[in-house]
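1. Kindly generate the corresponding structure for this input.
(chains A and B)
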Amino acid sequence: MAAIVSTAATAVRVNAKAAGIKTTGSSRAAFLSRKAARSVAAVAATRKVATRAVVTETTAESSADSAELYKEFERLLVDYQFSYKVGDRVTGKVFHCDAKGAWVDIGAKAAALCPGSEASLAQARNAAAVFDIGEEYEFEIIRDDDGDGSLTLSVRKIQLEAAWNRCREMQANDEAVNSVVLSVNRGGLLVEVEHLRGFVPQSHIAMRVPNRDELIGQSVPVKFLEVDEEKNRLVMSNRLATDVVSGEGLGVGDVCKGVVQAVKPYGAFVDVGGVSGLLHISQISHDRIVAVENVLAPGDELKVLILSKDAERSRLSLSTKKLEPSPGDMLRNPALVFEKADEMGRLFRERVAAAEAAAQAEEGAVQGEMAGMEVSKSADEESGEEA
Amino acid sequence: MESKTLPSLLHTNKTHVGAVEMSPWMYPYMLGYRDKVPFLNVEETLIGTQKALVFLKSVREKKGEILIVNTHPAFSKVVKKTSTILGIHYVNEHWIGGLLTNWQQLKYSVHAYKKFNSFISPIITKDIVAFPKYTKAKKRFDGIQNMVFKPDAIILLQATTAHKSIIEEAKRLKIPVIACVDSSSPTVSVEYPIPINTYSKAFCHFLCRLLVKIC
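-> Numbering: from 1, shown residues only, chains lettered A, B, ... in the order given. Below you'll find the predicted structure:
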């Protein structure tokens, strides 16, 4: 090294002289001066790395075990997997969290990023809130590498799939879950179940509150009606979930107090003990009614008679006609109907029971006749149907 | 069983896998490729690191200034820690264009940030109020607060296509650069290239530890 430095020093002196005599020297001198200049430049370039000489000695030593190194390299090559495709599931260790997201070491060439928006199904402010540094999590690859090897990961997709699976299971088992009401609109309620948004139609809401906005933020039990992942439809029913509580107390022929919910051209919807029923326009009174609005208004309380129950859809058919002491009372004197409702209901039930008894007696007689007429089967079937 | 020699450790940490697009000037550093993925020669990596560290040591002995440039957010913590231990300047996550060549103008911003920071950092905590301009300035200037003039050496931890400007700036000001180059880097005409997979966390930690030990 010392030799190099000294030659550099001399070369500098030579160059200075050569520069001075460049114009007047012979061609040989000029050639020498140019050569000197080139060597000076070369030395100057390497002057910064003058310590290079020391390092090259070590490479000679390491070449002895390079053969082994290459063998190991071959073996490692076979084990590696370098192609990660979109949709692969990988487990990785989170080693750094920042504003963009979480950096995960999945064993590929470069660290993969799980952006903050894909960190979880629930709204998380940033990835640091969801992941702990140094822990292993499962991810799914959503975007391929951009030539550099850095992939984009997501946890949200896995959770989404799991949530839909759970909903399907619960629908199959007919389970009821608690859901939180997010907002109210004309058609029904928007609720949140398992971090998924679902819809409860108005007809399936079993709760009776004068102002539905009060429900926002409350938790209501629901059952699943429709779970369709491709169309992203999740329709649920509150009525089915709470039906068990209120539907049993009411039977056919009962007289109950109800509150009018809505008025339609064909009748009124009356809420009876948590279950909604239709009071058809023809069933309100014996007299002809032009418009239901003239008789009933939403919020009216009245006593109704239950004509029939539709267990599947949990709907009732109601009537006040049968409760009128004299025909036309509903229009003239609704208060009278209200008072006499229980009495009339009882009368109605008696009449119904009597009619049923009569029908059964008739049937019994017919059956006795049928037993004697077994000769012609077609005739039997006809008479059997008639009776 | 795998031997615990340094090259094999580098292998297991996938530091030798290169980026898919290969630049021709990286061919001498590569062993070959399989399925479009090139592989870098780990021996060359080690030689490169040795050269770089020897040079850095000599710079430190002469009381020179060193600047570490890192733009990958995953390594920002490590780089910050190393720099505070060693007392060298660092650029994390964003390189301001013209930081070196336009130092005449940049020095005012750096000085302003330094003054503001010394005034406000004992008072402010992140939870109280969101101060976006301050956080933005902090990201850019936090490491070069005390930089007076151009450094004597630059360590580039990622020399990918976006960082060509840094290399050009250094060349213009004649500052020697140590760069970790990958197979897709735009140029290898730096003084001390280290062929390595620039995104490997293991190598970054390894380099920082060596820096702390040696310098």
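
2. and chain B, what are its domains?
-> Domain assignment of chain B by automatic domain parsing yields the ranges B:5-100+B:150-214, B:101-142.

3. can I get those domains in CSV with distance to chain A and mean pLDDT?
-> Every residue, glycine included, has its C-beta placed from N, CA and C. Formatted as CSV, the domains of chain B follow (distance: least, Cβ to the nearest Cβ, whole Å; pLDDT from 0 to 100):
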stretch, distance to chain A, mean pLDDT
domain B:5-100+B:150-214, 3, 82
domain B:101-142, 9, 82
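
4. which one of those domains is the most hemmed in?
-> Scoring the domains of chain B by mean neighbour count under mean count of other Cβ atoms under 10 Å in any protein chain shown gives domain B:5-100+B:150-214 as the most buried, with a mean of 19.

5. Tell me how far that domain lies from the chain's centre.
-> Mean C-alpha position of domain B:5-100+B:150-214 versus that of the full chain (Cα atoms, centre = their mean, to the nearest Å) differs by 6 Å.

6. swap in stretch B:135-150?
-> When C-alpha coordinates are averaged (Cα atoms, centre = their mean), stretch B:135-150 and its chain have centres 15 Å apart.

7. and the end-to-end length of it?
-> Start and end residues of stretch B:135-150 are separated by 25 Å (Cα to Cα, to the nearest Å).

8. before we move on, the earlier item: format the domains of chain B as a markdown table; extra columns: distance to residue A:219.
-> Formatted as a markdown table, those follow (distance: least, Cβ to Cβ, whole Å):
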| stretch | distance to residue A:219 |
| --- | --- |
| domain B:5-100+B:150-214 | 40 |
| domain B:101-142 | 31 |
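
9. Relative to chain B, which residue of the stretch 51-200 of chain A is the closest?
-> Across the stretch 51-200 of chain A, no residue is closer to chain B than residue A:110, which sits at 3.3 Å (Cβ to the nearest Cβ).

10. follow-up on the earlier one: which of the domains of chain B sits closest to residue A:97?
-> domain B:5-100+B:150-214 (9.7 Å; Cβ to Cβ).

11. Contacts only, for residue B:181.
-> Residue B:181 makes contacts with B:26, B:29, B:159, B:188, B:190, B:193-196, B:198, as judged by Cβ atoms under 8 Å, 6 or more residues apart in numbering or on different chains.

12. longest single helix anywhere in the chain?
-> Defaulting to chain A. Longest helix in chain A, counting residues (DSSP state H): helix A:334-372.

13. right idea, wrong chain: chain B
-> helix B:42-61.

14. how about that one as CSV, C-alpha atoms only?
-> Extracted in CSV, the C-alpha atoms of helix B:42-61 (Å, rounded to 0.1, in the frame of the first residue of the first chain):
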residue,chain,number,x,y,z
VAL,B,42,-24.3,-14.7,-1.0
GLU,B,43,-20.6,-14.6,-1.1
GLU,B,44,-20.6,-11.4,-3.1
THR,B,45,-23.0,-10.0,-0.5
LEU,B,46,-20.6,-10.8,2.2
ILE,B,47,-17.7,-9.3,0.4
GLY,B,48,-19.7,-6.2,-0.4
THR,B,49,-20.6,-5.8,3.3
GLN,B,50,-17.1,-6.2,4.4
LYS,B,51,-15.8,-3.6,2.0
ALA,B,52,-18.5,-1.2,3.1
LEU,B,53,-17.9,-1.6,6.8
VAL,B,54,-14.2,-1.1,6.4
PHE,B,55,-14.9,2.1,4.6
LEU,B,56,-17.4,3.2,7.2
LYS,B,57,-15.0,2.6,10.0
SER,B,58,-12.4,4.8,8.3
VAL,B,59,-15.0,7.5,7.9
ARG,B,60,-15.9,7.4,11.5
GLU,B,61,-12.3,7.5,12.6
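
15. what does the helix or strand just after that helix contact?
-> Later in the chain than helix B:42-61, the nearest helix or strand by DSSP states H and E is strand B:66-70. Under the criterion Cβ under 8 Å, 6+ apart, residues B:56, B:59-60, B:76, B:79, B:82-83, B:86, B:88-93, B:95, B:143-144, B:147, B:151-158, B:163, B:166, B:204, B:215 lie in contact with strand B:66-70.

16. at 7 Å instead, please
-> Residues from elsewhere that reach strand B:66-70 (Cβ atoms under 7 Å, 6 or more residues apart in numbering or on different chains): B:56, B:59, B:76, B:79, B:83, B:88-92, B:95, B:151-158, B:166.

17. cool, and stretch A:168-184?
-> A:189-193, A:198, A:212-213, A:215-224, A:227, A:241.

18. Mind listing what's buried along it?
-> Neighbour-count burial for stretch A:168-184 flags A:170-171, A:176-177, A:179, A:181, A:184 (criterion: 16 or more other Cβ atoms under 10 Å in any protein chain shown).

19. Can you give me the end-to-end span of it?
-> Using Cα to Cα, the end-to-end distance of stretch A:168-184 comes to 25 Å.

20. How is the nearest residue to residue A:262 once chain neighbours are set aside assigned, secondary-structure-wise?
-> Of all residues beyond its chain neighbours, the one nearest residue A:262 is residue A:269 (4.6 Å), with distances taken as Cβ to Cβ, 6 or more residues apart in numbering or on different chains. Three-state call for residue A:269 (DSSP: H, G, I helix; E, B strand; the rest coil): strand.

21. Which strand residues bridge residue B:179?
-> On the basis of DSSP bridges, residue B:179 is bridged to residue B:156, residue B:193.

22. check contacts around it.
-> B:156, B:159, B:167, B:190, B:193-194.

23. what's the most distant pair in those residues?
-> Longest span within the contacts of residue B:179, Cβ to Cβ: B:167 and B:194, 13.8 Å.

24. thinking again about what came up before, ok, which of the contacts of stretch A:168-184 also contact chain B?
-> When Cβ under 7 Å from any Cβ of the partner chain is applied, no member of the contacts of stretch A:168-184 is adjacent to chain B.

25. Separate out the buried members of these.
-> Among those, those scoring as buried are A:189-191, A:193, A:198, A:212, A:215, A:220, A:222-224, A:227, A:241 (criterion: 16+ other Cβ under 10 Å).

26. Tell me which of these fall in strands.
-> A:189-191, A:193, A:198, A:220, A:222-224, A:227 (DSSP state E).

27. what would those residues look like in JSON lines with pLDDT and distance to residue A:106?
-> Formatted as JSON lines, these follow (pLDDT from 0 to 100; distance: Cβ to Cβ, whole Å):
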{"residue": "A:189", "pLDDT": "82", "distance to residue A:106": "42"}
{"residue": "A:190", "pLDDT": "86", "distance to residue A:106": "37"}
{"residue": "A:191", "pLDDT": "84", "distance to residue A:106": "37"}
{"residue": "A:193", "pLDDT": "81", "distance to residue A:106": "32"}
{"residue": "A:198", "pLDDT": "85", "distance to residue A:106": "34"}
{"residue": "A:220", "pLDDT": "80", "distance to residue A:106": "42"}
{"residue": "A:222", "pLDDT": "82", "distance to residue A:106": "39"}
{"residue": "A:223", "pLDDT": "82", "distance to residue A:106": "40"}
{"residue": "A:224", "pLDDT": "83", "distance to residue A:106": "36"}
{"residue": "A:227", "pLDDT": "83", "distance to residue A:106": "33"}
